[in-house]
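# 3D, please:
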Amino acid sequence: MEKTIERIHDTALRILQEIGVRFIHPEALAVLRENGIRLDGDKAFFSQEQIMNALSMAPDRFTLSARNKAHDMEIGAPETFCAPGYGCASIIDRDGCVRNAQLDDYLTIAKLVHQSDHFKINGGILAQPCDVNAENSHLAMLYGAILSSDKCLMGIPGNRQHMESIMTMMEILFGREDLLKHHRILTMISTISPLSIDSMGLESMMVAAGMNQPMIISPAPAAGTTGPIGLGGNLALATAEALAAIAFTQMIRPGVPVIFGLQCYGADLRTGNISIGSPAYAIQAGYCALLAKKYGLPSRGGGSVNDAAAVTVQAGYESMMSMLTAVQNGISLAVHSSGILNNFAAISYEKFMVDLEILDRVRLYMNKISLNDDDDLSFEVIKSVGAGGEFLTAPDTLKKCRSHSYIPRIGLRGNRNGQHETPLLFDSMDKALKSLLNTYEQPALEPAIAKALFSYLTGPGKVDPKIIEPLIKF
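This is a model prediction of the structure:
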């Protein structure tokens with residue numbers, strides 16, 4: 001395994017030295033030139049020394065700070081943190097019908113994320129609302145996330161104006177001095193495979209790094225379409241893109257935190273579509289974790305992802321494979337850990353509840369058996385029951401039955417009384433979902449801050465007040 005990682009690394013360096021990466025932005029090219037990077041047009045070539053010097057500046061872990069300190073995340077620590085689904089424009093309802101996401105869907109998902117103890121981070125593009133002007137939807141989504149939750153915040157990449165408006169909202173929320181001192185919002189930035197970084201990605205990096213806010217650098221080549229079909233080559237290509245982007249962030253602000261976030265896909269070569277439910281995706285996520293450890297960086301990998309177009313057995317087994325792989329390999333942040341269906345095309349409330357059960361099971365599976373004292377091996381209990389006895393009514397069982405026995409969140413057990421299982425399972429999902437929403441309490445936000453955010457959002461050329469006003473009341 002170590003030899004494989006070294007060969008991927010060496011090939012990535014060779015790509016950077018001999019083939020180069022396009023930086024499609026004049027200001028970015030000027031920064032590269034000032035830092036001694038060899039350029040040929042918009043193509044940048046990096047030496048091994050330049051790459052390794054940049055990696056030495058980036059921290060191996062950092063704290064993403066929430067409004068409520070109980071939700072702070074030390075990213076890069078041994079724990080795997082989870083983030084919800086991201087980037088979907090559609091909702092798949094229980095009956096399988098697909099519809100455009102609305103701002104109300106965004107708020108509902110944000111509430112569910114806030115309610116789940118599996119997540120310490122909220123926001124980002126939980127669902128792209130079609131009822132908000134696309135030019136300003138990022139502001140409405142961030143505002144909704146701030147009102148809905150006091151957890152850490154996921155950002156939304158965009159052009160310079162877009163990113164600066166997000167940072168203005170964060171300054172209103174926390175103050176400029178605090179924002180420069182603490183890492184408050186995490187932005188996921190994708191390269192354009194093969195071997196390009198577009199102006200939106202570069203402006204996102206320049207603004208985020210300028211404000212000392214962390215980024216996930218997330219190349220996403222698909223083996224056989226936007227990357228070579230061999231997984232080793234696909235990983236080497238993605239690694240080269242990530243290293244070039246990370247080096248650039250350290251030129252903007254040395255020491256700004258970055259997450260090494262290869263999002264390498266498989267592909268269905270019968271259609272040309274990406275495949276996120278294939279073993280190729282899970283395999284490459286494992287190598288992402290190993291490469292990140294080599295570079296001394298936190299890692300990002302996939303969560304409960306799949307190619308299924310509905311909540312089916314396929315959605316379940318593909319999601320479990322990806323989620324378990326991420327956690328077993330020590331991925332620092334697993335994005336898309338809840339709700340995703342159909343190659344990132346849609347999010348589903350029912351799938352969200354399925355994924356919470358997957359996360360419950362993975363968390364328990366990763367726990368080690370505790371053997372702190374003789375009682376944990378139950379010798380005296382076994383002795384008291386003896387040969388031919390039973391443990392169901394033993395005092396030890398009665399004492400520990402609520403803490404030592406796993407009760408499924410939505411899964412069914414026992415007699416179905418002749419009823420078909422699928423409707424019962426969906427009813428169970430619906431009941432669990434309603435329970436989370438019915439117990440939701442909106443976290444407090446200082447009225448002056450809420451008012452200032454509202455005034456900024458509804459200023460000239462921004463969001464229609466009629467869209468935003470209902471958010472205050474939910």
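
# any regions of this structure where pLDDT drops low?
Low-confidence segments of the chain, defined by pLDDT under 70: 374, 472-474.

# for it, longest strand please?
Assignment by DSSP state E gives strand 185-189 as the longest strand of the chain.

# now that one: how far from the chain's centre is it?
What separates the centre of strand 185-189 from the centre of its chain is 10 Å, taken as CA atoms, centre = their mean, to the nearest Å.

# strands paired with that strand, and their directions?
Applying DSSP bridges to the sheet, strand 185-189 is found paired with strand 152-154 (parallel), strand 215-217 (parallel).

# which parts of the stretch 1-150 of the chain are helices?
Counting by DSSP state H, counting those that start in this stretch, the segments of the stretch 1-150 of the chain that form helices are 2-18, 26-34, 48-57, 103-115, 137-148.

# follow-up on the earlier one: include distance to residue 245 when you put the strands paired with strand 185-189 into CSV, please.
Where C-beta positions appear, they are placed from N, C-alpha and C, glycine not excepted. Listed next are the strands paired with strand 185-189 as CSV, based on distance: least, CB to CB, whole Å:
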stretch, distance to residue 245
strand 152-154, 18
strand 215-217, 5
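
# I'd like those as a markdown table, with mean neighbour count and distance to residue 370 appended.
Below are the strands paired with strand 185-189 laid out as a markdown table (neighbours: other CB atoms under 10 Å; distance: least, CB to CB, whole Å):
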| stretch | mean neighbour count | distance to residue 370 |
| --- | --- | --- |
| strand 152-154 | 26 | 30 |
| strand 215-217 | 26 | 34 |
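
# residue 71: which of those strands is closest?
Nearest to residue 71 among these is strand 152-154; the distance by CB to CB comes to 5.9 Å.

# give me the contacts around that closest one.
64-66, 71-73, 83, 86, 120-124, 142, 145-146, 170, 184-188 (CB atoms under 8 Å, 6 or more residues apart in numbering).

# I'd like the next helix or strand past it.
Downstream of strand 152-154, the first helix or strand assigned by DSSP states H and E is helix 160-174.

# in the longest helix along the chain, which residues are buried?
Assignment by DSSP state H gives helix 231-252 as the longest helix of the chain. Buried residues in helix 231-252, counted by 16 or more other CB atoms under 10 Å: 231, 233-252.

# please apply the same query to stretch 426-438.
Applying 16+ other CB under 10 Å to stretch 426-438 flags 426, 428, 429, 432, 433, 436 as buried.

# am I right that the last one is in contact with residue 115?
Yes: with contacts defined as CB atoms under 8 Å, residue 436 counts as touching residue 115 at a distance of 4.4 Å.

# kindly reformat the buried residues of stretch 426-438 as CSV containing distance to residue 16.
Formatted as CSV, the buried residues of stretch 426-438 follow (distance: CB to CB, whole Å):
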residue, distance to residue 16
426, 50
428, 51
429, 47
432, 48
433, 47
436, 46
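
# show me those that map onto strands.
Among the buried residues of stretch 426-438, no member lies in strands (by DSSP E).

# dump the helices of the stretch 1-150 of the chain into JSON lines; add distance to residue 280 and mean neighbour count as well.
Formatted as JSON lines, the entries for these read as follows, by distance: least, CB to CB, whole Å; neighbours: other CB atoms under 10 Å:
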{"stretch": "helix 2-18", "distance to residue 280": "15", "mean neighbour count": "16"}
{"stretch": "helix 26-34", "distance to residue 280": "31", "mean neighbour count": "15"}
{"stretch": "helix 48-57", "distance to residue 280": "26", "mean neighbour count": "16"}
{"stretch": "helix 103-115", "distance to residue 280": "28", "mean neighbour count": "23"}
{"stretch": "helix 137-148", "distance to residue 280": "31", "mean neighbour count": "24"}
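
# looking at these, spot the one closest to residue 358.
Nearest of the helices of the stretch 1-150 of the chain to residue 358, taken as CB to CB: helix 103-115 at 14.8 Å.

# before we move on, back to that, quick check: next helix or strand after the longest strand of the chain?
strand 196-197.

# output the contacting helices and strands for that next one.
Contact here means 3 or more CB pairs under 8 Å, 6 or more residues apart in numbering; DSSP states H and E; on that basis strand 196-197 packs against strand 21-23, helix 231-252.

# contacts for that strand, please.
Strand 196-197 is contacted by residues 21, 22, 23, 24, 25, 28, 191, 241, 244, 245, 248 when judged by CB under 8 Å, 6+ apart.

# returning to that earlier point: do you know which of the helices of the stretch 1-150 of the chain lies nearest residue 332?
helix 48-57 (15.8 Å).

# now for the closest one, which elements pack on it?
helix 2-18, helix 231-252.

# give me the phi and psi angles of the residue positioned nearest the centre of the chain.
The residue lying closest to the centre of the chain (CA atoms, centre = their mean) is residue 335, at 1.9 Å. Backbone torsions of residue 335, given as degrees, to the nearest 10, read phi -90, psi 160.

# for it, which non-adjacent residue is closest in space?
residue 83 (4.5 Å; CB to CB, 6 or more residues apart in numbering).

# do the same with residue 205
Per CB to CB, 6+ apart, closest to residue 205 is residue 249, 5.5 Å.

# kindly report the same for residue 462.
In space, and not counting its chain neighbours, residue 462 is closest to residue 136: 5.3 Å by CB to CB, 6+ apart.

# got it, and residue 278?
Nearest one to residue 278, counting by CB to CB, 6+ apart, is residue 266 at 3.7 Å.

# give me the next element, helix or strand, following the helix or strand encompassing the one you found.
Element membership of residue 266 [criterion: DSSP H and E] is strand 266-268. Once strand 266-268 ends, the next helix or strand along the chain (criterion: DSSP H and E) is strand 273-275.

# let me see the ranges of the strands in the stretch 301-450 of the chain.
For the stretch 301-450 of the chain, applying DSSP state E, counting those that start in this stretch gives strands covering 333-335, 340-341, 346-347.

# so which of those strands comes closest to residue 308?
strand 340-341 (6.0 Å).

# quick one: residues in contact with that closest one.
By CB under 8 Å, 6+ apart, the list of residues contacting strand 340-341 reads 85, 88, 92, 276, 303-306, 308-311, 315, 319, 346-348, 351, 355.

# ok, 7 Å please
Residues from elsewhere that reach strand 340-341, judged by CB atoms under 7 Å, 6 or more residues apart in numbering: 85, 92, 304, 305, 306, 308, 309, 310, 315, 347, 348, 351.

# ok, the fourth one - contacts?
Read it as residue 305. Contact partners of residue 305, counting by CB under 7 Å, 6+ apart, are 276, 277, 281, 319, 322, 336, 340.

# quick one: contacts for the first one?
For residue 276, the contacting residues are 265, 302, 305, 306, 307, 343, 344, taking CB under 7 Å, 6+ apart as the criterion.

# still on that earlier bit, so what's the residue nearest to residue 278 bridging to?
Beta bridges link residue 266 to residue 275, judged by DSSP bridges.

# related to what we said a few turns ago, the longest helix of the chain vs helix 26-34, what angle?
If you take axes from the mean of the first three to the mean of the last three CA atoms, to 10 degrees, helix 231-252 sits at 90 degrees to helix 26-34.

# the helix or strand following helix 231-252 - contacts with which helices or strands?
On the C-terminal side of helix 231-252, the closest following helix or strand by DSSP H and E is strand 258-260. In terms of contacts (3 or more CB pairs under 7 Å, 6 or more residues apart in numbering; DSSP states H and E), strand 258-260 is packed against strand 215-217, helix 231-252, helix 279-295.
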